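Novice: my questions concern the predicted model and sequence given below.
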Amino acid sequence: MEQIYTIPVNEAFEASAADAGCGCPLCTLYTRLQENELELILGASMMEPDVRQKTNLQGFCRRHYGMMFQRKNRLGLGLMLESHLAEVEKMLGEEGLLALLSGPGSGTQKKLGQLEESCYICGRIEMHFSRMCETVLLLYREDAVFREQKFAAQPFFCLPHYRRLLSCGRSMLGKKEFPGFFRAAGEVMRRYAASLSEDVSWFCKKFDYRYQEEPWYHAKDAVERAIRFVAGDDGYTAGSAKGEKK
C-alpha cells in the first residue's frame, strides 16, 4: 500500500534494510522531523503571528535552544527570545489566587515548572512522530511486503523507539496479531544486541596489552554504535557517526 503519508516511513525502512549504516529507521524519521522544524522556526514560521504566540508562551527546551544557536541565525533567535522574555516577565510578576491559597511564590514555582516541561519544537515533533509510528504499525498489519521484506530486515531499532513500537503495537494490533509483531521486532533486537555485545567486549579487550596485536574486526566504532542503540540518535548525539557493520 502506497499513500502520501506512508512514503517517508517506507523510504526510511528501505534505506535501513539496504544499508545497516543508516541505523534505526525511526531515528531517521525523528531526525528529519527535527531538521524540518528547526528550518521552519528560524525561517518563515518565525514571523507568523500564531506561531510566535505559541513560542512566546512555550519557549524551547535546552537542547533545541542549543541546536538553534548552532545554526548561526542569532537575530532570528534573538527576536524570539525578546518576545518570550516579555511573557516570562509577566509570569514572574503574577501570583494570583494560587498564592493566596498556597503561599507566596507558589504560583511562580508552578508556572516555572510548566515552562521547563514545554518546548514548541518538541511538541511539533511529537505530533508528527506519533503519526509515523502509527503508520509503521498500519503498514506492518496490512502490507506483507513491508512486514516480510522491510520490517524484518531492519538492522535494529534503538531501545527508546523499540519501546515506542511495542506501545503503539499493543494499542493498534489485536490480541492475536500483537504476539507475532512482538516476536518479529524482538528477533531484530536480539540479533543486533548479541552482535553489538560481542563488538563492545572486543573493543574493551583491545585495551589489554595481550590483545594489542589482534585485529579490531568490527569493534572500532562499537561505543558509538552502542550509544545509538541504547539512547537513540537524533543526529547530535555522541553515537551519531554512521558506521554500522554490514
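Specialist: Now that the structure is in, tell me what you want to look at.
Novice: touching, Gly232 and Pro160? I think so.
Specialist: Yes - using C-beta atoms under 8 Å, Gly232 makes contact with Pro160 at a distance of 4.8 Å. Any C-beta I mention is one placed from the backbone N, CA and C, and that applies to glycine too.
Novice: so where's this protein shaky on pLDDT?
Specialist: By pLDDT under 70, the low-scoring segments of the chain are 1-2, 94-104, 237-246.
Novice: longest helix of it?
Specialist: Using DSSP state H to define each element, the chain has its longest helix at helix 178-205.
Novice: can you mark which positions in that one are buried?
Specialist: Of all the residues in helix 178-205, those buried under the rule 16 or more other C-beta atoms under 10 Å are 178, 181, 184-185, 188-189, 192, 195-196, 199-200, 202-203.
Novice: adding distance to Cys122, write these out as a markdown table.
Specialist: Output for those, formatted as a markdown table (distance: C-beta to C-beta, whole Å):
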| residue | distance to Cys122 |
| --- | --- |
| Phe178 | 29 |
| Phe181 | 28 |
| Ala184 | 30 |
| Ala185 | 25 |
| Val188 | 27 |
| Met189 | 26 |
| Tyr192 | 28 |
| Ser195 | 32 |
| Leu196 | 28 |
| Asp199 | 32 |
| Val200 | 31 |
| Trp202 | 37 |
| Phe203 | 33 |
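Novice: distance from the chain centre to stretch 173-181, please.
Specialist: 25 Å (C-alpha atoms, centre = their mean, to the nearest Å).
Novice: which outside residues touch that stretch?
Specialist: The contact list for stretch 173-181, computed with C-beta atoms under 8 Å, 6 or more residues apart in numbering, reads Leu137, Tyr140, Arg141, Gly169, Arg170.
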